[in-house]
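>>> Here is the input, now give the coordinates:
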Amino acid sequence: MGMAHLVVTAVLVEGRTKSEVAREYGVSRRWVIELVQRFEAEGEAGLLARSRRPRSSPHRTPDGVEDEIIAIRKELDRDGHDAGAATIAFHLEQRHGHAPAVSTVWRVLSRRGFVTPQPHKRPKSSYIRFQAEQPNERWQLDITHWRLAGAREVEILNIIDDHSRLAVASSALSVFKAADVTDCFTEAAGTYGDPAGMLSDNGAVFTGIPRGGGRVALELELAARGIGFRHSRPYHPQTCGKVERFHQSLKRWLIRQPRARSVPGLQTQLDTFRAYYNTVRPHRALDRRTPSEAFTARPKAVPTGTLTIPGHYRVRKDKIDPSGVITLRHNSRLHHIGIGRANAGTRVLVLVHDLEIRILNQDGELLRELQLDPSKDYQPQPKP
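All right, here's what the predicted structure looks like:
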């Protein structure tokens, strides 16, 4: 028997006064009176525990605001945009000049079933974040893949400003060659200015170092402008995490759009998303500012390197093919160098200093010395 039953029994069955019962059980006289009244009106049901929640709350979010929160959530999610509580609060602020706290928006989403609990998710505080201090201090670039209607796969090159997350370029081609990457960079630099540095992975269109080759077109262009160029270590995409994250946001949006049938059609979609991403979408890492706002808020960094291309040295081993030729890559272009069929199968040492090339056999005998002509794919032997 609970306390409520004891109190009511003492008053109604034993005939004791309410004040006496209140003193004996250490409760208020008012509570004793309320229990007796509830029992007389409702019987045993009147003694059950009741919620202490107030019948009304002046601070409760109005139903109309909750409905608008859900409508914005559905709209952003349908279009493939970020639809978190902070983004919804930002859009409410833009519409009305005020908005509920982000925590309030989150509780509304959770109560309506739009938040999936993730108890095992790694906390944000455990991550170490690296961010450039100035716009144009560092650009990150990377290539990702996308399928057009009909399952044809194409490539998308994205370039992101490390400080502001501004998407300075987002271009689509069937396949990006080294010269295409350079063209995309120079167009972006013409609009936003030269960055002080660049960061990429070790893709063949970004660098020739891991493959023992010469510098690719982008490396030469950056060196000529005095721009530093760094590369992530192999199999560590976290180094270029900002542009990798942009890939995700872009693809989440693209998948909600009609599948483009051509590269120009895809480029139109990329331009649409880039405009929204740069000027409309509030970014969590930027205190809910847009990338354009963050890019213009601080002075821009500028290149600090020398504006000259140093001499490039390279040593490689090769074997003359049956036609008497070896192949050498220069500025992302293959060149075939004739040495003579008489030397077919000979293992050689190739010494390269920019355009000056010396080819020696294993005994150190000079087989050919030439100045490479970059405009010609085949470098014939000189006539006697």
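
>>> Packing partners of the lowest-mean-pLDDT helix or strand in the chain?
Ranked by mean pLDDT, DSSP states H and E, the weakest helix or strand in the chain is strand 313-319, scoring a mean of 79. Judged by 3 or more CB pairs under 8 Å, 6 or more residues apart in numbering; DSSP states H and E, the packing partners of strand 313-319 are strand 325-330, strand 347-353. (Glycine included, C-beta is placed from N, CA and C.)

>>> Reformat those strands as a markdown table; add mean pLDDT.
A markdown table is the format used below for the helices and strands packed on strand 313-319 (pLDDT from 0 to 100):
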| stretch | mean pLDDT |
| --- | --- |
| strand 325-330 | 88 |
| strand 347-353 | 84 |
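
>>> Residue 362 is nearest to which of the ones you listed?
For the helices and strands packed on strand 313-319, the distance to residue 362 is smallest for strand 347-353, at 5.6 Å, taking CB to CB.

>>> Would you mark the buried spots in that closest one?
Residues of strand 347-353 classed as buried by neighbour count (16 or more other CB atoms under 10 Å): 348, 350, 351, 352.

>>> ok, now stretch 28-38?
Neighbour counts over stretch 28-38 (16+ other CB under 10 Å) mark 32, 35, 36, 38 as buried.

>>> got a list of contacts for that stretch?
With contact meaning CB atoms under 8 Å, 6 or more residues apart in numbering, stretch 28-38 is reached by 4, 7, 8, 11, 12, 18, 19, 21, 22, 46, 47.

>>> Can I get that stretch as CSV, trimmed to CA atoms?
These are the backbone C-alpha positions of stretch 28-38, laid out as CSV (Å, rounded to 0.1, in the frame of the first residue of the first chain):
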residue,chain,number,x,y,z
SER,A,28,1.5,18.8,3.9
ARG,A,29,-2.1,19.2,5.1
ARG,A,30,-2.9,20.6,1.6
TRP,A,31,-1.8,17.3,0.0
VAL,A,32,-3.9,15.3,2.4
ILE,A,33,-7.0,17.4,1.5
GLU,A,34,-6.2,17.0,-2.3
LEU,A,35,-5.8,13.2,-2.0
VAL,A,36,-9.1,12.8,-0.1
GLN,A,37,-10.9,15.0,-2.7
ARG,A,38,-9.5,13.0,-5.6
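
>>> Now do the helices in the stretch 201-350 of the chain.
Taking DSSP state H, counting those that start in this stretch to define them, one finds helices in the stretch 201-350 of the chain at 217-225, 241-254, 263-279, 291-296.

>>> Now do the contacts for the closest residue to residue 347 other than its chain neighbours.
Of all residues beyond its chain neighbours, the one nearest residue 347 is residue 319 (5.2 Å), with distances taken as CB to CB, 6 or more residues apart in numbering. Neighbour list for residue 319: 326, 345, 346, 347, 348 [criterion: CB under 8 Å, 6+ apart].

>>> In helices only, show me the contacts of stretch 28-38.
Within the contacts of stretch 28-38, residues falling in helices by DSSP state H are 4, 7, 8, 11, 12, 18, 19, 21, 22.

>>> Narrow the contacts of stretch 28-38 to those that are buried.
Buried subset of the contacts of stretch 28-38 (neighbour count, 16+ other CB under 10 Å): 4, 7, 8, 11, 18, 21, 22, 46, 47.

>>> what sits against the last one?
Translated: residue 47. Neighbouring residues of residue 47 by CB under 8 Å, 6+ apart: 2, 4, 5, 8, 35, 38, 39.

>>> go on, the fourth one?
Contact analysis of residue 11 by CB under 8 Å, 6+ apart lists 17, 18, 21, 32, 36.

>>> how near is the residue nearest to residue 347 to residue 86?
From residue 319 across to residue 86, the span is 61 Å (CB to CB, to the nearest Å).

>>> same question, residue 72
Distance, residue 72 to residue 86, by CB to CB: 12 Å.

>>> for residue 371, same thing?
Distance from residue 371 to residue 86, counting by CB to CB: 61 Å.

>>> neighbour count winner among the two?
Taking neighbours as other CB atoms under 10 Å, residue 371 and residue 86 compare with residue 86 leading, 15 against 9.

>>> Can you give me the buried ones in the host helix or strand of the more buried one?
Taking DSSP states H and E as the criterion, residue 86 maps to helix 85-96. Using 16+ other CB under 10 Å as the test for burial, helix 85-96 gives 85, 87, 88, 89, 90, 91, 92.

>>> now for the contacts of residue 11, which pair is the farthest apart?
Applying CB to CB across the contacts of residue 11, the maximum distance is between 17 and 36, 11.4 Å.

>>> Ramachandran angles for residue 298?
Phi and psi for residue 298, reported as degrees, to the nearest 10, are phi -130, psi 160.

>>> hang on, the earlier thing: max pairwise distance over the contacts of residue 319: which two?
Maximum pairwise distance in the contacts of residue 319, criterion CB to CB, is 11.6 Å, between 326 and 345.

>>> ok, and the closest non-adjacent residue to residue 317?
Residue nearest to residue 317 in three dimensions, not counting chain neighbours: residue 349, with 6.0 Å by CB to CB, 6+ apart.

>>> for the protein, which spans come out with low pLDDT?
The model of the chain has pLDDT under 70 over residues 1, 55-56, 117-129, 210-214, 235-237, 285-286, 306-313, 364, 384.

>>> can you give me the strands for it?
Along the chain, the stretches classed as strands by DSSP state E are 139-147, 153-161, 167-173, 197-200, 228-231, 313-319, 325-330, 333-338, 347-353, 356-361, 366-371, 378-379.

>>> Let me know which of those is the nearest to residue 240.
Closest approach to residue 240 among these is made by strand 139-147 (5.1 Å; CB to CB).

>>> Which neighbouring elements make contact with that closest one?
Where contact means 3+ CB pairs under 8 Å, 6+ apart, strand 139-147 is packed against strand 153-161, strand 167-173, helix 178-192, strand 197-200, helix 241-254.

>>> One more pass at 10 Å, please.
strand 153-161, strand 167-173, helix 178-192, strand 197-200, helix 241-254, helix 263-279 (3 or more CB pairs under 10 Å, 6 or more residues apart in numbering; DSSP states H and E).
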